[in-house]
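>>> here you go, sequence then predicted model.
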Amino acid sequence: MPEFAQRFFKAKKNVLKPNSYLAYAIEVAYFFDYLKDRKLFDLSMKMSDLSRITAEIIEDYVEDTRYITAGDVKKQISDRTEHRKICALSSFFDYYSKNDFILYNPVKKVNRPIIPNGAGKGSDMIHNLSFLDFVINGSFPNKASDYQKKLRLRDTAMIALMMSAGLRSSECVGMNIDDLDLEHNKITIRSRKAPNEVYISPLLSEILGSYLASRLEMITEYGHDNALFLSLQMKRLTVRALQDLMKKYTTFLFGKGNNITPRDLKNAFRFNSFEEIQNIYVTADVNGMSSNSIYRYYLPYIEQFESSKGKLFDSGNILHIERGKNEV
């Protein structure tokens, strides 16, 4: 990147989370690589040259990077990814505009994909069950199968827990041994705003109990004694490791570009629980969210549910009851 880009990243260093900071750096670097490859500018460009970057140049960049090649497959990026790409550039140009280095932010003239406000339905339940079945019974080829057999109880417990209790990836890896109360089919999720006790099915208790029996025999690294899910290094499993693990399983099962993420499982649980309960407040409590968030995510479905009320009402039954009362 040009030298003047350091101003932006110094300003954002203590504002953005590390992952977001890295994502911004990657997107901005891609943009300047594009300018260099198209011979529009080179890395020796000055800050004053930013004023020469127009909305049309940015639109061409977005269009040019809309398709990526994964292996031998060319696919279009999602609207959410494209939106995130534009937002990163907008933040970059906005910094220089607000500090009067350039007159205006050209990205504001670029149309962005409309991202639905809702969380979505998540992954398909049939795919989720196929995924869990493969974790329990399937096997990878070659040496990967040896690691899979060694970690099968752990992986089964994690996937079943996220599917059946709606845990986020951070909540799953953050679970401790003493958060399990399998005698009463109950777990405690402490990473939410307040500790949240969640009842689980006897089947999930049995799966967690099978893993716990082997977990209690493991000797962990110092400071990781109470962690429920451990890596091969005998340390608490990280969120990134869980994401990579799920990607490995589902990519092998469903093919590249069709992997199921922890967010997909969470959204599927949230939507299914809402569809089953059809009550904002109970659904919010089960998922450890505010009722306002549930309402915002599932407003279209709430309106559909409310509009269906009374459709099964049969006035003839009421009339028959009233006649019966009069006869008595």
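Now that the structure is in, tell me what you want to look at.

>>> low-scoring stretches of the protein, by residue?
Within the chain, the set of residues satisfying pLDDT under 70 comprises 70-73, 114-121, 191-195, 298, 300-328.

>>> run through the strands of the chain in chain order.
When assigned using DSSP state E, the strands of the chain occupy the ranges 67-70, 73-76, 180-181, 186-189, 196-199.

>>> output those in a markdown table; the columns should cover distance to Asp49 and mean neighbour count.
(Glycine included, C-beta is placed from N, CA and C.) Shown next, in a markdown table, are these (distance: least, CB to CB, whole Å; neighbours: other CB atoms under 10 Å):
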| stretch | distance to Asp49 | mean neighbour count |
| --- | --- | --- |
| strand 67-70 | 28 | 10 |
| strand 73-76 | 31 | 10 |
| strand 180-181 | 59 | 16 |
| strand 186-189 | 51 | 18 |
| strand 196-199 | 53 | 14 |
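
>>> please convert these to a markdown table, extending it with distance to Glu275.
Rendered in a markdown table, the data for those read as follows (distance: least, CB to CB, whole Å):
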| stretch | distance to Glu275 |
| --- | --- |
| strand 67-70 | 33 |
| strand 73-76 | 30 |
| strand 180-181 | 28 |
| strand 186-189 | 22 |
| strand 196-199 | 18 |
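
>>> right, and those - which one's nearest Ala213?
In this view, these are compared for proximity to Ala213 by CB to CB, and strand 180-181 is the closest at 11.8 Å.

>>> strand partners of that closest one, parallel vs antiparallel please.
Strands adjacent to strand 180-181 in the sheet, as given by DSSP bridges, are strand 186-189 (antiparallel).

>>> need the CA coordinates for the strand it pairs with. CSV is fine.
As requested, C-alpha coordinates have been extracted for strand 186-189 and formatted as CSV (Å, rounded to 0.1, in the frame of the first residue of the first chain):
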residue,chain,number,x,y,z
LYS,A,186,-28.9,-28.9,32.0
ILE,A,187,-26.0,-26.7,30.9
THR,A,188,-25.0,-23.2,31.9
ILE,A,189,-23.9,-20.7,29.3
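
>>> any idea how far that strand is from the chain center?
21 Å (CA atoms, centre = their mean, to the nearest Å).

>>> ok, residues contacting that strand?
Counting by CB atoms under 8 Å, 6 or more residues apart in numbering, the neighbours of strand 186-189 from elsewhere in the structure are 161, 165, 167, 171, 175, 179-181, 195-200, 208, 288.

>>> and if you look at stretch 202-221?
Here stretch 202-221 makes contact (CB under 8 Å, 6+ apart) with 153-154, 156-157, 160-161, 164-165, 177, 180, 182, 185, 187, 200, 227-228, 230, 233-235.

>>> please enumerate the helices of the protein.
In the chain, the segments counted as helices under DSSP state H are 5-12, 18-37, 55-64, 79-98, 125-137, 144-165, 169-173, 202-215, 239-254, 262-277, 280-287, 291-297, 299-308, 315-327.
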